[in-house]
Every structure is written in C-alpha cells, then in structure tokens.
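S.K.: What follows is a predicted structure for the sequence shown.
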Amino acid sequence: MTYAVDFTTVSTVGLESSPVTDALAGLRANEARYFKNKYDHVFTVEPADKAASIIDWVHGILADERGIVIASRPLEATEFEVEGIRMAYVFYESGLSINVMYTLADGGKRAVGFKLSDGMDIPSELSAFKFARQKSKLAGTIRGSYFVIKNAH
C-alpha cells in the first residue's frame, strides 16, 4: 500500500518496528516537507516488499561505488523524478535513510546521501564517513553525510 507522508501530523505508519520509530518518522516527514516546498511534490512511500526494484538499484550503487552492504532491514522506499533528477529513498529499521540523487542528463550531479535518525548509532558499514549535524523541528537532530556517484547506474 502506497502511503503519502504527512509532514503536518507526523505518523509512524510503516516504521513501527524501528527502535527509533518517532525519530525515523520525523526524518521521513522532514523529507516530505522539503519536496513539497521545493518541488510541490507529494512524497509517497511503499513497503519494502513492494519496492524491491528501488531498493536493488540503491543497494547496487552502494556496492558498486563503495563496496557498502547495509546490514539493517529496509522498511520502506520511494522513487520519483523532479526537474530531471531521479530520486530514490530507502528507510531502514535501524533509523537510517539513504537517498540517491541521480541527474538524468549527462554531466549532472549524482550523489548518495545518508541520514541518521536522532538516537541511532552510526552503522559500522558507514563508519568511514563524517556526519554533519542539522536541526529539524520534525526530526530533532539529523546527522548526514554523502558521496558523489562516479559511474553510470
């Protein structure tokens, strides 16, 4: 079932198994607010078992670019296109959110972003990254990092 994320009333629907459920729901709502305000896009997610192709694409980029395998179980994912940019998000049980920004035009910006929910530790598979802190009314303190994608995917 596809779920439109509401950022005015934060809901934990689909994220209940996470040990940082409220923070992860706030992180998801924070992303929904960003895309609504910047692109007038309604951020919708679907359960991981219905979004295997999205998750496989994201995991393929992680493995190919940096040899990263995420240990946590994916809970939800989404994929959409805004202004010539293919966006994909995967939300994990641990509280991790991974997004891929992939400009469709040759030579455009392409990157993978990691965001950690408030209250979660840095996963061992991401220990090589430095995380910057960002305050959010919806998500508390978000820690984020990224890397640039070098190959075509």
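M.R.: Ah, there it is. Numbers count the residues shown, from 1 in each chain.
S.K.: Now do the strands in this structure.
M.R.: Taking DSSP state E, the strands of the chain run over residues 3-4, 44-47, 74-82, 85-92, 96-103, 110-116, 132-136, 140-148.
S.K.: Switch those over to TSV; also include distance to residue 28.
M.R.: (Each C-beta comes from the backbone N, C-alpha and C, glycine too.) As requested, these are arranged in TSV below (distance: least, Cβ to Cβ, whole Å):
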stretch	distance to residue 28
strand 3-4	10
strand 44-47	7
strand 74-82	8
strand 85-92	6
strand 96-103	7
strand 110-116	10
strand 132-136	11
strand 140-148	11
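S.K.: closest one to residue 122 among these?
M.R.: In terms of Cβ to Cβ, the element of the strands of the chain nearest to residue 122 is strand 110-116, at 6.5 Å.
S.K.: Include mean pLDDT and distance to residue 32 when you put the strands of the chain into CSV, please.
M.R.: Output for the strands of the chain, formatted as CSV (pLDDT from 0 to 100; distance: least, Cβ to Cβ, whole Å):
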stretch, mean pLDDT, distance to residue 32
strand 3-4, 89, 8
strand 44-47, 97, 9
strand 74-82, 97, 10
strand 85-92, 97, 10
strand 96-103, 96, 12
strand 110-116, 97, 13
strand 132-136, 91, 12
strand 140-148, 93, 14
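S.K.: ok, the spatially closest residue to residue 27 that is not a sequence neighbour - contacts?
M.R.: Counting by Cβ to Cβ, 6 or more residues apart in numbering, residue 27 lies nearest to residue 139, which is 4.4 Å off, once chain neighbours are set aside. Listed by Cβ atoms under 8 Å, 6 or more residues apart in numbering, the contact set of residue 139 reads 23, 26-27, 29-30, 117-118.
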